[in-house]
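Participant: Sequence and predicted structure are below.
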Amino acid sequence: MTIRTKQEKRTGSDQKRLDKRLDKTKSQQEKDLGQGDPKPLTPDGAVVKTIITPGTGWEKPFPPCEVAIRLQGKSSDEVLFKDDCQHYTLGEDKLCRGLEIALRDMRKGEIAKVFVKDHYLRGQPQLVGKSVEEETGVEFELELLSWIVINDVFKEGGVLIKPTHTSLPSDRPTDLDMVYLRFRGREEKSDSFFESEGFGEGEGPVRLQVQRIRPRGLQVAVREMWKGCTFWVTLSHEYAFGPHGDSKRKVRGEAKVEYEVELVDVRPIVDVTNDEGILVEYLSKPGVEVRRPTEGCVCSVTYSAAVEGEGPRASREFESFSNREIEIGKFDLDITDGLERALQHMVKGQSALVHVTPAYGYGEDGRGNDVPPNKAIEYRVHLVDWKETGTKDMSAEDKLAFASKIKDAGNSFFNAGKFLRSHQRYSAAYQVGFPIHSYYLNHSQVLQVPDSSASPEMHREVEAIKISCLLNMAACEMKRNNWKEVISKCNAVLKVKSSHPKALYRRVSLLSLSAIVSSQTLLGLSDVRDCLIGVCLRRGPALCRSGAGGCSWITAAASETADAFCRIWRP
């Protein structure tokens, strides 16, 4: 005989009450779901659903979800057809209207009898060729196995995304990011693919920047993905190849296309110049090292360079070096501005892929037979080591010599027509720190009188190189037609040397008054008079009196300035 304790008796009674409550809840749930009760789904009673087995959960499919169903049709106890498992996309009119209405009212795993008659029966493909009267109707046994939510990105059917394999969601790629993809495309319902990348034997994923993916609809779809997932993408012709198609890919005009896309990896990009001219994709993390090379440092670099091709795998390598020494800031036209500036964003031991546009590469001239004009460059770079040329412990004389060396490199770039690189060298020379801290200023700030502890000769030399760098930067900006920066640089000089002829003169364009007229909204009357004094000093009062483009107040100022100049400088 088994003796049960009071606690065991209480536990047993609690379990019975719980089971009874669960049974009651289940029966109530089945009652709420309407199991066994016919449920009209249309006002005219042409579509009636009777639940045989309730489904799970509370979610229901909606267009454009893709549903997997088992379906059987009967008419007068005669089985018309039976399908074990079929896939349909709601809203595509591949099912009769009555079944579409019923599916939107079902839950996953639900089995139901659906009676459909009249015009709600039209369009069911399995009934084609069968002798079925619409007024009599058909009884369907329908089971909703599962469904996949299809993302209609723009809510107008242009870009439809269906996940076929998903991973734990992570950050989605942006336009600048590099993605590694496997993808293949075909016309809708076709058996042959017109393009395929990454699916060949031994073929790895292709590397592409998101904003350069074509067609446009595929780019939109990739922005909706995350690392490790695979999507099936359907594009209307507006987001694919348009009304004329693509003869190269053999896609007909106004054809819908389908892509299978696997996003293997996503790598964020650093936009060095904020204009997408130099894009750096880091292949390794920096580790404990945080210092980066700067102007004047000597870097030991292993790299290869290739001309960007038309396709994702069409780049052509034209040079490769191991442990090459590159001095940042040195005049060397073989080293592009893009490579130099990318090195300044890397640390020792780090590897990166660098994309350089023609503006920061070899530009309109190219480089002989290696690089055609106006071609982008792709670098694979490994920064082995670098030696610091720090100015912190230098004497004032050594810093002056160092700044002069950088400025001379800027002069060489200027004479070679490389005005952007020339401007960078002048800017770097200007920012060299001296013991006379009042000179270490921003370009827009005023050059102040140096500390009295420095010798007068050192005062003059530092002042001369700072002013020279500012004026040379103004000359670079003038070549690039950046008038606001020309005025800003010259104003910084005129705060110290109020009658500096070169600073005054460089506030006008091409030794004429036309720039004053075109820039009168940027200049006040005092600025115009300063510019006119510069014209007098460099070209004489006769040019100053000559036409001022029909602008009356500038013409009057020009005559007044020329007369005053003649009175002051009359022999």
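Facilitator: Happy to help now that I have it.
Participant: avg pLDDT for the helix or strand harbouring residue 321?
Facilitator: Taking DSSP states H and E as the criterion, residue 321 maps to strand 316-327. Mean pLDDT, computed over strand 316-327, is 91.
Participant: Tell me which residues of it come out buried.
Facilitator: Residues 326-327 are the ones in strand 316-327 that count as buried (16 or more other Cβ atoms under 10 Å). (Each C-beta comes from the backbone N, C-alpha and C, glycine too.)
Participant: Keeping just the C-alphas, turn it into CSV.
Facilitator: Output in CSV follows, covering the C-alpha atoms of strand 316-327 (Å, rounded to 0.1, in the frame of the first residue of the first chain):
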residue,chain,number,x,y,z
ARG,A,316,44.1,44.6,-65.0
GLU,A,317,47.1,44.7,-62.7
PHE,A,318,50.0,46.9,-64.0
GLU,A,319,52.4,47.1,-61.1
SER,A,320,53.3,45.2,-57.9
PHE,A,321,55.9,46.0,-55.2
SER,A,322,57.2,44.4,-52.0
ASN,A,323,58.5,46.5,-49.2
ARG,A,324,58.7,49.6,-51.3
GLU,A,325,59.7,52.8,-49.5
ILE,A,326,57.3,55.7,-50.0
GLU,A,327,57.9,59.1,-48.4
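Participant: List the contacts of that strand.
Facilitator: By Cβ atoms under 8 Å, 6 or more residues apart in numbering, the residues outside strand 316-327 that reach it are 296-307, 309, 332, 335, 339-340, 343, 370-371, 384.
Participant: Partner strands of that strand, with direction?
Facilitator: Strand 316-327 pairs in its sheet with strand 298-307 (antiparallel), by DSSP bridges.
Participant: Report the distance from the partner strand to the chain centre.
Facilitator: Here strand 298-307 is found 25 Å from its chain centre; the criterion is Cα atoms, centre = their mean, to the nearest Å.
Participant: tell me which residues of that strand are tucked away?
Facilitator: In strand 298-307, counting by 16+ other Cβ under 10 Å, buried: 299-301, 303, 305-307.
Participant: so where's the stretch 301-450 of the chain shaky on pLDDT?
Facilitator: Applying pLDDT under 70 to the stretch 301-450 of the chain flags residues 311-313, 389-394, 433-450.
Participant: how about the helices in it?
Facilitator: Secondary structure of the stretch 301-450 of the chain (DSSP state H, counting those that start in this stretch): helices at 337-343, 396-415, 419-430.
Participant: Distance from the longest one to the middle of the chain?
Facilitator: Taking the mean of its C-alpha atoms, helix 396-415 sits 37 Å from the chain's own mean (Cα atoms, centre = their mean).
Participant: Any figure for the gap between the closest residue to residue 472 other than its chain neighbours and residue 384?
Facilitator: Leaving aside its sequence neighbours, residue 472 sits nearest to residue 426 (Cβ to Cβ, 6 or more residues apart in numbering; 4.6 Å). According to Cβ to Cβ, to the nearest Å, residue 426 stands 30 Å off from residue 384.
Participant: who has more neighbours, those two?
Facilitator: Legend: neighbour count by other Cβ atoms under 10 Å for residue 426 and residue 384, higher for residue 426 (26 against 15).
Participant: Enumerate every residue touching the more buried one.
Facilitator: Per Cβ under 8 Å, 6+ apart, neighbours of residue 426: 407, 410, 469, 472-473, 476.
Participant: Let's have the residues you listed in a markdown table, adding neighbour count and distance to residue 63.
Facilitator: Below are these laid out as a markdown table (neighbours: other Cβ atoms under 10 Å; distance: Cβ to Cβ, whole Å):
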| residue | neighbour count | distance to residue 63 |
| --- | --- | --- |
| 407 | 20 | 68 |
| 410 | 28 | 64 |
| 469 | 24 | 66 |
| 472 | 23 | 66 |
| 473 | 26 | 61 |
| 476 | 26 | 60 |
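Participant: Show me which of those residues is closest to residue 155.
Facilitator: Proximity of the contacts of residue 426 to residue 155 (Cβ to Cβ) peaks at residue 476, which lies at 49.8 Å.
Participant: so residue 315 makes contact with residue 304?
Facilitator: No: look at residue 315 against residue 304 with Cβ atoms under 8 Å: they stay out of range, at 10.1 Å.
Participant: Give the residue spans of the stretch 151-300 of the chain that score low on pLDDT.
Facilitator: For the stretch 151-300 of the chain, the ranges with pLDDT under 70 are 287.
Participant: Just the strands from it, written as ranges.
Facilitator: Using DSSP state E, counting those that start in this stretch, the strands found in the stretch 151-300 of the chain span residues 151-152, 159-165, 178-187, 195-197, 206-209, 230-235, 257-267, 270-271, 278-282, 298-307.
Participant: who's in contact with residue 49?
Facilitator: By Cβ under 8 Å, 6+ apart, the contact set of residue 49 is 38-39, 41, 102, 105-106, 112-115.
Participant: Which of the residues you listed fall in helices?
Facilitator: In helices, defined here by DSSP state H, the members of those are residue 102.
Participant: Select from the contacts of residue 49 every entry located in strands.
Facilitator: With DSSP state E as the criterion, strands contain 39, 112-115 from among these.
Participant: could you redo those as a markdown table and give each row distance to residue 211 and neighbour count?
Facilitator: Converted to a markdown table, the ones in strands among the contacts of residue 49 look like this (distance: Cβ to Cβ, whole Å; neighbours: other Cβ atoms under 10 Å):
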| residue | distance to residue 211 | neighbour count |
| --- | --- | --- |
| 39 | 51 | 15 |
| 112 | 48 | 24 |
| 113 | 52 | 17 |
| 114 | 48 | 24 |
| 115 | 53 | 21 |
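Participant: With respect to per-residue confidence, which of these is lowest?
Facilitator: Checking pLDDT across those, the minimum falls on residue 39 at 91.
Participant: Show me what the closest residue to that residue other than its chain neighbours is bridged to.
Facilitator: With Cβ to Cβ, 6+ apart as the criterion, residue 39 has its nearest non-adjacent residue at 5.0 Å, and that residue is residue 49. Beta bridges link residue 49 to residue 39, residue 114, judged by DSSP bridges.
Participant: Quick check: residue 49 vs residue 40, distance?
Facilitator: Taking Cβ to Cβ, one finds residue 49 at 8 Å from residue 40.
Participant: and the gap between residue 48 and residue 137?
Facilitator: Distance, residue 48 to residue 137, using Cβ to Cβ: 9 Å.
Participant: Need the residues touching each of those two.
Facilitator: Common contact partners of residue 48 and residue 137 (Cβ under 8 Å, 6+ apart): residue 115.
Participant: on that earlier part again, which among the ones in strands among the contacts of residue 49 gets closest to residue 263?
Facilitator: Distances from residue 263 to the ones in strands among the contacts of residue 49, taken by Cβ to Cβ, are shortest for residue 112, at 38.1 Å.
Participant: isn't the closest one right up against residue 51?
Facilitator: Yes: in this structure, residue 112 is within contact of residue 51 by Cβ under 8 Å, at 5.0 Å.
Participant: where are the low-confidence patches of the stretch 1-150 of the chain?
Facilitator: Low-confidence segments of the stretch 1-150 of the chain (pLDDT under 70): 1-16, 18-35.
Participant: quick one, helices of it?
Facilitator: Secondary structure of the stretch 1-150 of the chain by DSSP H, counting those that start in this stretch: the helices cover 6-33, 97-103.
Participant: Please report the number of neighbouring residues for residue 268.
Facilitator: Per other Cβ under 10 Å, the neighbour tally for residue 268 reads 13.
Participant: what's the answer for residue 56, then?
Facilitator: Counted with other Cβ under 10 Å, residues neighbouring residue 56 total 9.
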